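K.L.:
sharing a model that was predicted from the sequence below.
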Amino acid sequence: MKTFHLTVARVGENLFDGEALSASLPGSEGVFEILAGHEAFVSLLAKGEMHVRAANEEMFHFEISADGIAEVSRNQATVLL
């Protein structure tokens, strides 16, 4: 299965930095999923929960309690919480 590089961070804290199979996030327009090769885009995030499936199939969950932003381009994604 194809992977993409994912970075999830808060100010001064790196929560996840590695290869992922998928990431599901609560966007301002509804929940969306990032997969390898995803089209480039930027989205505001809403309050909710982010789910990440790492390349080794391990699951990670992050609570999004305040507005954040997600940016995807060139098979990598950055999520700032």
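P.N.:
Arrived safely.
K.L.:
what's the lengthiest strand in the chain packed up against?
P.N.:
As assigned by DSSP state E, the longest strand anywhere in the chain is strand 13-27. Counting contacts by 3 or more CB pairs under 8 Å, 6 or more residues apart in numbering; DSSP states H and E, strand 13-27 is packed against strand 4-10, strand 30-35, strand 41-45, strand 48-54, strand 59-64, strand 76-80. (Glycine included, C-beta is placed from N, CA and C.)
K.L.:
list the contacts of the fourth one.
P.N.:
Meaning strand 48-54. 6, 8, 16, 18-26, 31, 59-64, 79 (CB atoms under 8 Å, 6 or more residues apart in numbering).
K.L.:
out of those residues, which are buried?
P.N.:
6, 8, 16, 20-23, 25-26, 60, 62, 64, 79 (16 or more other CB atoms under 10 Å).
K.L.:
report pLDDT for residue 12.
P.N.:
Note for residue 12: predicted pLDDT of 91.
K.L.:
may I have stretch 49-56 exported as CSV, CA atoms only?
P.N.:
Presented in CSV, the C-alpha positions along stretch 49-56 are these (Å, rounded to 0.1, in the frame of the first residue of the first chain):
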residue,chain,number,x,y,z
GLU,A,49,-10.8,13.9,16.4
MET,A,50,-8.0,13.1,13.9
HIS,A,51,-7.2,9.5,13.1
VAL,A,52,-3.9,8.4,11.6
ARG,A,53,-3.0,5.0,10.3
ALA,A,54,0.8,4.8,10.2
ALA,A,55,2.7,2.8,7.6
ASN,A,56,3.1,0.0,10.1
